[in-house]
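**Student:** give me the fold of what follows.
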Amino acid sequence: MAKEQLEGVDRNEKVVTYGCWNGPFLRLVDLMGMVDGLMAMIEEPEACEELLTAITDYRINTLEYIKKYFDPDIVTIFDDFAHERGLFISPDTYNELIFPQHKRWAEAVRAYGMIPDMHVCGKAEMLVPGFADEGFEAWRISAPENDLVALQKVCGDRLVFWGCWDIQAKWITPGMHPTAEDFRRKMREAMELYGPGGNIVMSGLFMNPNVEDPGAAMSAMYDEILNFGTGYYVK
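**Tutor:** Below is the predicted model:
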């Protein structure tokens with residue numbers, strides 16, 4: 001798999017990232033179901049801690065092979081403990097059960113000379129400042145339902161914001177038929193809003209069923225990121 005995916009990749013020109021998918025929170029609720037998993041965190045925190053530790057141990061063990069075969073610059077763990085309006089669990093539960101596992105995993109990634117990256121969609125803003133304390137260097141997808149401008153000021157250069165784009169493209173309504181220029185304009189607006197904070201990597205990924213040709217739309221946005229975005233930072 002690594003040989004096929006990395007064929008022709010110039011590491012002097014490209015950043016290589018590896019997504020290891022579900023982190024401890026998501027794996028727990030995948031195994032138990034969302035309702036039972038959340039209830040177990042409240043009713044049986046000690047048993048949950050054992051399970052979360054085993055999940056994280058497994059994830060740490062796979063890093064040896066990730067490093068050996070892919071040797072990526074960045075390794076991303078996906079652990080969506082938030083939704084569009086807030087957290088699935090309380091900050092206290094997160095800090096007690098999830099924070100220690102994330103910290104162990106991030107430390108292990110760093111020990112292999114790779115950069116740990118946290119993926120969490122949704123409104124996780126009350127926990128974001130702690131990501132750097134866990135050892136993460138980047139947060140994706142930094143969705144705009146969070147107060148990203150305020151978080152940029154709080155986190156400074158301790159955490160890269162990867163995304164800064166409305167991944168659901170909620171500005172698109174049924175029957176709207178947005179053009180490539182519409183997508184370019186929205187991307188420019190996002191870069192002008194978050195660019196002054198300095199710690200961003202823009203993303204043009206989105207999911208909206210009302211867009212007839214999402215591939216063309218994303219191509220226009222990434223082209224705008226390269227052209228307008230490069231000029232913005234040079235300026």
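
**Student:** and the strands in the chain, which stretches?
**Tutor:** Applying DSSP state E to the chain gives strands spanning 17-22, 74-78, 82-83, 86-87, 115-119, 138-142, 160-163, 200-202.

**Student:** which one, of these, ends up nearest to N61?
**Tutor:** Across the strands of the chain, N61 has its closest neighbour in strand 17-22 (11.3 Å, Cβ to Cβ). C-beta: built from backbone N, CA, C; applies to glycine.

**Student:** please identify the buried residues of the closest one?
**Tutor:** By neighbour count on 16 or more other Cβ atoms under 10 Å, the buried set for strand 17-22 is 17-18, 20, 22.

**Student:** can you check stretch 154-172 too?
**Tutor:** The neighbour-count check on stretch 154-172 (16+ other Cβ under 10 Å) flags 155, 159-167, 169, 172 as buried.

**Student:** cool, stretch 134-152 as well?
**Tutor:** The neighbour-count check on stretch 134-152 (16+ other Cβ under 10 Å) flags 134-146, 148, 151-152 as buried.

**Student:** now the terminal residues of it, how far apart.
**Tutor:** Stretch 134-152 has an end-to-end distance of 17 Å (criterion: Cα to Cα, to the nearest Å).

**Student:** stretch 113-133 too?
**Tutor:** Stretch 113-133 end-to-end distance (Cα to Cα) = 18 Å.

**Student:** how close does the residue of the chain most remote from its centre get to H83?
**Tutor:** In the chain, G175 marks the outermost C-alpha relative to the chain mean, sitting 30.4 Å out by Cα atoms, centre = their mean. Distance check for G175 against H83: by Cβ to Cβ, to the nearest Å, it reads 27 Å.

**Student:** who's in contact with stretch 163-172?
**Tutor:** Under the criterion Cβ atoms under 8 Å, 6 or more residues apart in numbering, residues 121, 139-144, 148, 178, 186-187, 190, 194, 200-208, 210-211, 221 lie in contact with stretch 163-172.

**Student:** buried ones among the residues you listed?
**Tutor:** By 16+ other Cβ under 10 Å, those give 121, 139-144, 148, 178, 186-187, 190, 194, 200, 202-204, 206, 208, 211, 221 as buried.

**Student:** related to what we said a few turns ago, tell me who's in contact with the residue nearest to the residue farthest from the centre of the chain when sequence neighbours are not counted.
**Tutor:** Once flanking residues are discounted, G175 sits nearest to N210: 7.7 Å by Cβ to Cβ, 6 or more residues apart in numbering. Counting by Cβ under 8 Å, 6+ apart, N210 touches 172-176.
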